[in-house]
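Engineer: Need the 3D shape of this:
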Amino acid sequence: MNQFDPAAATAAYLAQMSPAAQARATAYTQGGHWLLLWGWLVSVLAAWLVIRSGLLTRVEATIARKKRRLVLTSFVVALLFLLLDWVIELPWDVYAHWWRERSYGLTSQPLSGYLIQQTVSNIIGSIILAIFLIALYALMRRAPGKWWVWGGGIAVLLFAFIIVIVPTFLEPMFNTFSPAPVGPIRNAVVALAERTGTPADKIYIYDGSRQSNRYTAHVTGIFGIARIEMSNVMFQKGADVAEVRAVLAHEMGHYVHDHLILVSLAFGMLTMAGLWLSHLSFVPAARVLGSNVVSIADPAGVPVLFAIFVTLALLATPITNTISRSIEANADAFSMENANEPDGMARALVKSAEYRAASPGALEEFLFYDHPSVRRRVRAAMDWKAKHLK
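Structural biologist: Numbers count the residues shown, from 1 in each chain. As a prediction, this is how the structure comes out:
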């Protein structure tokens, strides 16, 4: 009997992609690295344009002319900036997240559909963020030395709300969710959910192909609102029961291990650090951007705060990616132990390699990858298989 070779099995799976497909995936992935830099530049430029217009200062003065309305001022000025920023960045957003995706065959969504969805999402997101900024500016006024500590705590709640709660209510606005039909797929998912302690009463297939041609599934929400959701793209790309079990067990790992809560805590702590650095750098940053706002507690300085934050977010990319990769690796291990489908996982991963170059260098993976590379994940699955074959 021949001994199973994990390295050879990994190479065989990756060889299922043609050289042309691999080159295309590499071009898409490495081009995406440059998008981070250009996206940062566009965001800083948008903030500078709003500052140069003087519009926020005039609106602030108009609201406060008769009475000092601090809460109203914070909300209106913040919301106005967020909407202006979205409008200014819209051409870049269309290029980076629609035209480029379409040119690589990763979406068939018409431009009109993309714009409608983005408009609704950005209006809702801007309102939520403006409410957060009300609290942040109130903290700046009442605790000028330690506002960033309390702001980090509020950021944890904001991230938890956005990551855990919002998708459950926002996604049905853009997609149709249908209960998974009775059959082998649903039976496999129900059995897996019961084994892992994931709620099995809400299992849906949704028309994810409306927005993206990516092979994906997820478990959203917590407690009674948790839902198991599979994009129809999975089945358009021939997902079988083994693949579904492997992929859904990975997603259930996120749910069972409370990864969304952990991400909220981690990102909240990073936000706290960012707020502290903003506290220290606001005045020189305002000077560089040409703003006449001298106090970080002045809502008219929100473009300066925004520019500082997008800069810090860019610099923190390796940190946030490392957090994400660790969580994804943990979910992969959970899948192996609970679904026992290493080949199903490998087949699913190869199908996702069209938008994620399979074999990056170690430095590239560390800096830019929010998931372990496809090669690394397939090899881990094959190592697990080799261990358990014995």
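Engineer: element containing residue 178, please.
Structural biologist: Assigned by DSSP states H and E, residue 178 belongs to strand 177-179.
Engineer: what's the answer for residue 219, then?
Structural biologist: Judged by DSSP H and E, residue 219 forms part of strand 217-220.
Engineer: Mind listing the strands that strand pairs with, and their directions?
Structural biologist: strand 227-231 (antiparallel) (DSSP bridges).
Engineer: now the strand it pairs with, how far from the centre of its chain.
Structural biologist: With Cα atoms, centre = their mean, to the nearest Å as the basis, strand 227-231 stands 17 Å off its chain's centre.
Engineer: For it, buried residues please.
Structural biologist: By neighbour count on 16 or more other Cβ atoms under 10 Å, the buried set for strand 227-231 is 227-231. In this view, the C-beta of every residue, glycine as well, is placed from N, C-alpha and C.
Engineer: Listing request: residues of the stretch 251-390 of the chain with sub-threshold pLDDT.
Structural biologist: 390 (pLDDT under 70).
Engineer: Mind checking which residue lies nearest the centre of the protein?
Structural biologist: residue 163 (8.6 Å; Cα atoms, centre = their mean).
Engineer: My reading is that that residue is in a helix; is that accurate?
Structural biologist: Yes: remark: residue 163 belongs to a helix, assigned using DSSP: H, G, I helix; E, B strand; the rest coil.
Engineer: ok, back up a step: give me the contact list for the strand holding residue 219.
Structural biologist: 164, 167-168, 171, 198, 226-231, 234, 244, 247-248, 251-252, 254-255 (Cβ atoms under 8 Å, 6 or more residues apart in numbering).
Engineer: quick check, distance from stretch 182-197 to the centre of its chain.
Structural biologist: 27 Å.
Engineer: can you give me the offset of stretch 205-217 from its chain's centre?
Structural biologist: 16 Å.
Engineer: Put the alpha carbons of that stretch into CSV.
Structural biologist: The C-alpha trace of stretch 205-217 is given here as CSV (Å, rounded to 0.1, in the frame of the first residue of the first chain):
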residue,chain,number,x,y,z
ILE,A,205,-29.6,29.5,0.2
TYR,A,206,-29.5,33.1,-1.1
ASP,A,207,-28.9,34.6,-4.6
GLY,A,208,-25.4,35.8,-3.9
SER,A,209,-24.6,35.6,-7.6
ARG,A,210,-26.5,38.9,-7.9
GLN,A,211,-23.5,40.7,-6.4
SER,A,212,-20.5,38.3,-6.7
ASN,A,213,-19.4,35.1,-8.4
ARG,A,214,-17.4,34.1,-5.3
TYR,A,215,-17.8,30.7,-3.7
THR,A,216,-19.0,31.6,-0.2
ALA,A,217,-21.1,30.8,2.8
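Engineer: Could you export the helix or strand harbouring residue 311 as PDB, CA atoms only?
Structural biologist: Following DSSP H and E, one finds residue 311 within helix 302-315. The C-alpha coordinates for helix 302-315 follow below in PDB (Å, rounded to 0.1, in the frame of the first residue of the first chain):
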ATOM      1  CA  VAL A 302     -13.900  65.400  11.500                       C
ATOM      2  CA  PRO A 303     -12.100  65.300   8.100                       C
ATOM      3  CA  VAL A 304      -8.800  65.600   9.900                       C
ATOM      4  CA  LEU A 305      -9.800  62.800  12.300                       C
ATOM      5  CA  PHE A 306     -10.900  60.700   9.200                       C
ATOM      6  CA  ALA A 307      -7.600  61.300   7.400                       C
ATOM      7  CA  ILE A 308      -5.600  60.300  10.500                       C
ATOM      8  CA  PHE A 309      -7.700  57.100  10.900                       C
ATOM      9  CA  VAL A 310      -7.400  55.900   7.300                       C
ATOM     10  CA  THR A 311      -3.600  56.400   7.500                       C
ATOM     11  CA  LEU A 312      -3.400  54.400  10.700                       C
ATOM     12  CA  ALA A 313      -5.700  51.700   9.200                       C
ATOM     13  CA  LEU A 314      -3.300  51.400   6.300                       C
ATOM     14  CA  LEU A 315      -0.300  51.100   8.600                       C
END
